[in-house]
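A.B. asks: Could you work out the structure for the sequence below:
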Amino acid sequence: MSRRAAPSVPASSSPRRRSRLKITAAVLAALAVVVVGGLVVVYEKLDGNLNVTDVAGQLRDRPEQSPLPTGEDGEEPTAPVNILVIGSDTRAGEGNGIDDQNPGQRSDTNILLHLSGDRSFAYGVSIARDTVVERPDCYTDTGEVIPGGLDMWNAAYEEGGAACLIQQTEQLTGVRIDDFVEIDFNGFREMVDALGGVTVCVPEEVNDTTGNIYLPAGTYEVEGQQALDYVRVRYSVGNGSDVGRMKRQQAFMATMVNEATSAGTLANPVKLYNFLDAATESLTISSGLGSLADLVGLARQVNGIGLDRVQFTSVPIRQYEPDPNRLEWKPRAAERLWELIRTDQPLSGGLTKDVVTAAEGVPGSEPSDSPSATASASAIPDPEESAKAAAEAERRLANGLCA
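C.D. replies: Residues are numbered from 1 along each chain as shown. Predicted coordinates:
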């Protein structure tokens, strides 16, 4: 029987070729190690930036946790989450001495953020700092009592920090606060700068010599300090009330959420890192959000809801009769709002009247002096559509957005 010739070895399988493959594999492995190592370093840097504090031991007579929704298709249900977002006006710390005001600290911004159990909606409720309330007793970390009394909402934070503000929020709303996030002036500034500025549409002229800010009506990109001045200015804009400032803050936050979650940020590693570095370095958070992984998980959940399902509103208020410069909650409407949160329901009825969604934060074009600038010369305006457009323009203006 004839013997078959042994197959020849292809030139590509030569020792030199195999040597090159080994070198390439070694280089790729080394690069992988460098990349993974770099990611670990970045993660540890960002995680180490966080200032974590636990105030649970200072809270008393807490409301019950929100009930778990019914899981669908055998999935494990997730719990509703209530987070108190605190903007501190402290002048202590590097970069916070923006003026010669009181060196103490008060909660300049107070937002109760509710995420639904099924993560299909979320809303942030702004609480006016000038609201007069019966502040309950709260406690120091050593158990000493800080007596309550009739006071403005933001005084609780000055008296006993985040723990006292959470105690007040829980006792007056019946809503269990799961976590809190606190940010100061300098942190806000640095987050805006890390995004390269935030575009805002200013519905009316801002001219405040005290705050050193002037912006004609129009669309602008504001950076750190100017952004801070814009969201804090009060007396020279609109009716000079705290309510107007809250609306402006809500509109700015909606725009900032848009910018932070845009492809221009998420697809830009340097910009994304700078923003995350500024954010984590500026935050004081509760132990329930005590790691970067926890914050990233929360951000993914919010992003998964969709910007049009993330809403911003305010507690219904009225003038406080003993002092017209102060506010008080409208009892029935406010209780209706707290009940929706306690039972994990979306905003409804009159509570949706002044809502701003995160999707609305995308600024429009600069206002035109002519109301008919974009109208067709031959078009006959529909009275019903014109009325709807006018009502929508009025709503947007009232909520700090361009018409």
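A.B. asks: A299 - how many residues pack around it?
C.D. replies: Here the number of neighbours of A299 (other Cβ atoms under 10 Å) works out to 14. Where you see a C-beta, it was placed from the backbone N, CA and C, and this is true even at glycine.
A.B. asks: Next up, the contacts around I183.
C.D. replies: Going by Cβ atoms under 8 Å, 6 or more residues apart in numbering, I183 touches 85-88, 191, 282-284.
A.B. asks: what about it, distance to M246?
C.D. replies: When distance is defined by Cβ to Cβ, to the nearest Å, I183 is 16 Å away from M246.
A.B. asks: what does S282 give?
C.D. replies: Here S282 is placed at a distance of 21 Å from M246 (Cβ to Cβ).
A.B. asks: Between these two, which is the more surrounded one?
C.D. replies: In terms of neighbours (other Cβ under 10 Å), M246 is the more surrounded of S282 and M246; the figures are 26 against 23.
A.B. asks: The more buried one sits in which helix or strand?
C.D. replies: Assessed by DSSP states H and E, M246 sits inside helix 242-260.
A.B. asks: Tell me which other helices or strands that helix touches.
C.D. replies: Applying 3 or more Cβ pairs under 8 Å, 6 or more residues apart in numbering; DSSP states H and E, one finds that helix 242-260 makes contact with strand 122-126, strand 198-202, helix 224-232, strand 310-314, strand 356-357.
A.B. asks: how does it look with 7 Å?
C.D. replies: Applying 3 or more Cβ pairs under 7 Å, 6 or more residues apart in numbering; DSSP states H and E, one finds that helix 242-260 makes contact with strand 198-202, helix 224-232, strand 310-314, strand 356-357.
A.B. asks: Parallel or antiparallel, which strands does the helix or strand following the third one pair with?
C.D. replies: Scanning forward in sequence from strand 310-314, with DSSP H and E defining helices and strands, the next element found is strand 317-319. Looking at strand 317-319 with DSSP bridges, its partner strands are strand 327-329 (antiparallel).
A.B. asks: average pLDDT for the strand it pairs with?
C.D. replies: For strand 327-329, the per-residue pLDDT values average out at 95.
A.B. asks: try stretch 205-225
C.D. replies: The average of the pLDDT scores along stretch 205-225 is 83.
A.B. asks: any idea which helix or strand carries L21?
C.D. replies: Assigned by DSSP H and E, L21 belongs to helix 15-49.
A.B. asks: So which elements touch whichever helix or strand comes after that helix?
C.D. replies: Using DSSP H and E, the helix or strand that directly follows helix 15-49 along the chain is strand 51-53. If contacts are counted by 3+ Cβ pairs under 7 Å, 6+ apart, strand 51-53 sits against strand 283-286.
A.B. asks: switch to 10 Å and redo it
C.D. replies: Contact here means 3 or more Cβ pairs under 10 Å, 6 or more residues apart in numbering; DSSP states H and E; on that basis strand 51-53 packs against helix 155-173, strand 179-183, helix 269-282, strand 283-286.
A.B. asks: show me where pLDDT drops low in the stretch 201-350 of the chain?
C.D. replies: Counting by pLDDT under 70, the stretch 201-350 of the chain contains low-confidence ranges at 235-241.
A.B. asks: give me that answer again for 90
C.D. replies: Judged against pLDDT under 90, the low-scoring parts of the stretch 201-350 of the chain cover residues 201-222, 224-227, 229-283, 285, 287-308, 310, 324-325, 349-350.
A.B. asks: returning to that earlier point: would you mind identifying the next helix or strand past the helix holding M246?
C.D. replies: Past helix 242-260, further along toward the C-terminus, the next helix or strand under DSSP H and E is helix 263-266.
A.B. asks: Pull the distance from that next one to the chain's centre.
C.D. replies: Going by Cα atoms, centre = their mean, to the nearest Å, the spacing between the C-alpha centre of helix 263-266 and its chain's C-alpha centre is 17 Å.
A.B. asks: Likewise for stretch 188-206?
C.D. replies: Centre-to-centre, stretch 188-206 and its host chain are 14 Å apart (Cα atoms, centre = their mean).
A.B. asks: Can you get me a residue count around the residue lying closest to E223 once chain neighbours are set aside?
C.D. replies: Using Cβ to Cβ, 6 or more residues apart in numbering and skipping the chain neighbours, the partner closest in space to E223 is G197 (4.5 Å). Taking other Cβ under 10 Å as the neighbour definition, G197 ends up with a count of 16.
A.B. asks: one step back: what's the most buried one of the helices and strands packed on strand 51-53?
C.D. replies: Highest mean neighbour count among the helices and strands packed on strand 51-53 (mean count of other Cβ atoms under 10 Å): helix 155-173, with a mean of 24.
A.B. asks: For it, output the C-alpha coordinates as CSV.
C.D. replies: In CSV, the C-alpha atoms belonging to helix 155-173 read as follows (Å, rounded to 0.1, in the frame of the first residue of the first chain):
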residue,chain,number,x,y,z
ALA,A,155,-33.6,76.5,60.7
ALA,A,156,-33.6,72.7,61.4
TYR,A,157,-30.4,72.2,59.5
GLU,A,158,-28.7,75.0,61.3
GLU,A,159,-29.8,73.6,64.7
GLY,A,160,-28.8,70.0,64.2
GLY,A,161,-27.5,69.3,60.6
ALA,A,162,-28.9,66.7,58.3
ALA,A,163,-30.3,64.6,61.2
CYS,A,164,-32.5,67.4,62.5
LEU,A,165,-33.7,68.2,59.0
ILE,A,166,-34.6,64.6,58.3
GLN,A,167,-36.4,64.3,61.7
GLN,A,168,-38.4,67.4,60.8
THR,A,169,-39.2,66.1,57.3
GLU,A,170,-40.4,62.7,58.6
GLN,A,171,-42.4,64.1,61.5
LEU,A,172,-44.2,66.7,59.4
THR,A,173,-44.8,64.7,56.3
